[in-house]
Each structure stands twice: as C-alpha cells, then as structure tokens.
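Novice: this is a predicted model, with the sequence first.
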Amino acid sequence: MSGPEARISADLRWVEAMLADLQRQIDQLAGELRALSQVVNAQTLASLKGAPATDTGARPPGSEEADDGQ
C-alpha cells in the first residue's frame, strides 16, 4: 500500500484503537456505577430501617489507584 491507501489504513487502526480505549473506559465506568449502586442500596435500606448504614465493602474498581487525570 502507498499513498492514500496507506493513510486510510493508518486512520482505521487509529480509530480502532480509540474505540477499544472507549470500550475499556465504558467497562470501568459500568463497574464503578454497579459499586455505587450497591452503596446507595445499602444506605437506603439502612435509612428505612432507621439504623446507621454499614460499609458494604463495595469499592469501585481502581479506587485504590491514583487518579489518571481523566
């Protein structure tokens, strides 16, 4: 390949890499949302029972890691 064909191929690889990264971020956010939902459910149940909520142990994936600035 040369010229425009090589450029299109390089662009396609870049788009595929960006889509893979977006999918990874979506999966990470979905995990964090599930963990947050568990905490909210525990808090809600505890407040309905009139008892203080206990820590469910649910932590978003990567919460122990440093923020990557995104």
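Specialist: Now that the structure is in, tell me what you want to look at. Here the structure is a predicted model, which is why all the values come from computation and not from measurement. Numbering: from 1, shown residues only.

Novice: OK, contacts around residue 17?
Specialist: If a contact means Cβ atoms under 8 Å, 6 or more residues apart in numbering, then residue 17 has no contacts. (Each C-beta comes from the backbone N, C-alpha and C, glycine too.)

Novice: so which strand or helix has it?
Specialist: Using DSSP states H and E, residue 17 sits within helix 4-49.

Novice: could you give the mean pLDDT of that helix?
Specialist: Across helix 4-49, the average pLDDT comes to 95.

Novice: Three-state assignment for residue 2, please.
Specialist: Counting by DSSP: H, G, I helix; E, B strand; the rest coil, the backbone at residue 2 sits in coil.

Novice: show the contacting residues for residue 13.
Specialist: Here residue 13 is in contact with no residues (criterion: Cβ under 8 Å, 6+ apart).

Novice: from residue 2, how far out is it?
Specialist: 16 Å (Cβ to Cβ, to the nearest Å).

Novice: what's the answer for residue 22, then?
Specialist: Residue 22 is 30 Å from residue 2, by Cβ to Cβ.

Novice: which of the two has more neighbours?
Specialist: residue 22 (10 against 6; other Cβ atoms under 10 Å).
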